[in-house]
Structure formats: structure tokens, C-alpha cells
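Q: need a structure here:
(chains A and B)
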Amino acid sequence: GAGVSQSPRYKVAKRGQDVALRCDPISGHVSLFWYQQALGQGPEFLTYFQNEAQLDKSGLPSDRFFAERPEGSVSTLKIQRTQQEDSAVYLCASSHRDRSYNEQFFGPGTRLTVL
Amino acid sequence: GNSVTQMEGPVTLSEEAFLTINCTYTATGYPSLFWYVQYPGEGLQLLLKATKADDKGSNKGFEATYRKETTSFHLEKGSVQVSDSAVYFCALSDNTRSQGNLIFGKGTKLSVKP
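A: Okay, here's the model as predicted:
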């Protein structure tokens, strides 16, 4: 079956531009996570959705970052007024339920480069 | 807060060599522990997991045992293959949050030479 997909795979933005990153989770998965992975580092948690509800956004680094999942499936991570420090790979993951032992399925990521 | 520390790479081995990648963690309570693998050009995939102390996770010849007394979850494989070349991430579920988001180590790059 289809896994988690993300688009675009690569995005180059000039500093100050707004970007939108899309995630299509596995159909029927309740939980959706966004992570940020800087070069040479492990992924770091950004935000969590249970269906359409954003239950945890404590990992978002600034108010320039905004995420939504209006119909409980596709999610969009938006970054306003991008800065060079936003350059990273943005990973989306989904899981069937919100228990800590459930496997999270990851998408291929979107590599964002801010010039 | 919760954290994961894993041995830094890169690790270069010859085919059929024994592999150990060390991972230790800091956490309150009893988190679930995971090893994820990222093959070149692919997304993160779950390799194995353990949900309670003394559990052993295993998959594709890899094993790791949840050791609460040493707060460790070391990854081992008896005989590596070239196809095992990848980046390996140790992770734990953040049990301070009900949703179980993952906290990752920095990753260890493994290269296996024929």
C-alpha cells in the first residue's frame, strides 16, 4: 500500500519568502507528526495532530512556523519569512494511534534550503 | 528532560564483521525504545523496538535489548552485509507526552565494505 508522501521533495527559497510543505499520511492514520532534521543531526519534534486537532505544538521554533490538518488527513507545514537557520529536512510521520509504542511511518522528507 | 546518546560515526566495517552501535538514554519512567534505519535516498524505517525492560527487539539479523539498569539499547548484528550500509538512529518515545513523539539520537553512519 501507499506510504507517507511529502511534497515537494526539494525546495529552495530566498530569505524572507514563505514556503508550504505538504504531507499525505497513510490513509486512516489518526496521528501525524512533523519533525525537523538539521544536517548531521537526528530528527527533532515540531508538532503533533490527532485527526484535525493540533494537540502539541511545543516544538515549533518560532511563531513563523504554522501547521494545519483541516480535514484530519493531509497536513501542511508553513514557514513564513524564511531564515537561513530554517534550512533542514522536514519529516512527516503518521501512526495508527497515539500510543508511545505504535510504529511511526515516515515520509521521505522535504529538503528546504534557504539562501 | 528525556534524551538519547548514541556512538558517533562513521563506522566502517568489512562484510561479515560483528556490529555494535551503542545507545544510552535518559528518561523518567519507562519509555519505549526504537532503532530506525535510513538507507541512502530513502526515508526512515523502523528496524526494531522494545517496549519494556529486558525485552529484546530483533529484525533482519539485528538485535537490541532494553536494559533499564544500564539505561542502554545497544544495536548488534553478528555478520553485516554491504546492504546494511545506512544511517542508524536510536530513539525513545517521549513518555512525558501522551502522543509518544520520538526523541532521536544524532545517528550513526555505517559503511560496509565488500
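Q: OK, contacts around the residue nearest to residue A:66 when sequence neighbours are not counted?
A: Once flanking residues are discounted, residue A:66 sits nearest to residue A:78: 4.7 Å by CB to CB, 6 or more residues apart in numbering or on different chains. In short, each C-beta sits where N, CA and C put it, glycine included. Applying CB atoms under 8 Å, 6 or more residues apart in numbering or on different chains to residue A:78 gives the contacts A:18-21, A:65-68.
Q: so can I have CSV of those showing distance to residue B:21?
A: Shown next, in CSV, are the contacts of residue A:78 (distance: CB to CB, whole Å):
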residue, distance to residue B:21
A:18, 40
A:19, 35
A:20, 36
A:21, 31
A:65, 32
A:66, 37
A:67, 32
A:68, 37
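Q: excluding its backbone neighbours, what's nearest the spatially most central residue of chain A?
A: Note on chain A: the residue nearest the mean C-alpha position is residue A:34, at 3.3 Å, using CA atoms, centre = their mean. Setting aside the residues directly before and after it, residue A:34 is nearest to residue A:46 in space (CB to CB, 6+ apart), at 4.2 Å.
Q: what are the phi and psi angles of that neighbour?
A: phi -110, psi -60 (degrees, to the nearest 10).
Q: With residue A:91 instead?
A: Dihedral angles (degrees, to the nearest 10) for residue A:91: phi -110, psi 140.
Q: returning to what we had before: adjacent strands (with direction) for the secondary structure element (helix or strand) that the residue nearest to the centre of chain A belongs to?
A: Element membership for residue A:34, per DSSP states H and E: strand A:31-37. For strand A:31-37, the paired strands and their directions (DSSP bridges) read strand A:44-50 (antiparallel), strand A:88-95 (antiparallel).
Q: Averaged pLDDT, the shortest one. What do you get?
A: Here strand A:44-50 scores 94 as its mean pLDDT.
Q: Send me that strand as PDB with only the CA atoms.
A: The C-alpha coordinates for strand A:44-50 follow below in PDB (Å, rounded to 0.1, in the frame of the first residue of the first chain):
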ATOM      1  CA  GLU A  44      13.500  16.800  16.400                       C
ATOM      2  CA  PHE A  45       9.800  17.000  17.100                       C
ATOM      3  CA  LEU A  46       7.900  20.000  15.900                       C
ATOM      4  CA  THR A  47       4.200  19.400  16.300                       C
ATOM      5  CA  TYR A  48       1.500  16.700  16.600                       C
ATOM      6  CA  PHE A  49      -2.000  16.200  15.300                       C
ATOM      7  CA  GLN A  50      -4.700  13.800  16.400                       C
END
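Q: if we can go back for a sec, now the contacts of residue A:78 as a markdown table including neighbour count?
A: A markdown table is the format used below for the contacts of residue A:78 (neighbours: other CB atoms under 10 Å in any protein chain shown):
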| residue | neighbour count |
| --- | --- |
| A:18 | 12 |
| A:19 | 18 |
| A:20 | 14 |
| A:21 | 20 |
| A:65 | 19 |
| A:66 | 16 |
| A:67 | 21 |
| A:68 | 14 |
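Q: nearest to chain B, of these?
A: residue A:67 (13.4 Å; CB to the nearest CB).
Q: Contact partners for that closest one?
A: Residue A:67 makes contact with A:34, A:46-47, A:49, A:54, A:57, A:60, A:75-78, according to CB under 8 Å, 6+ apart.
Q: which of those residues count as buried?
A: Buried residues within the contacts of residue A:67, counting neighbours by 16 or more other CB atoms under 10 Å in any protein chain shown: A:34, A:46-47, A:49, A:54, A:60, A:75, A:77.
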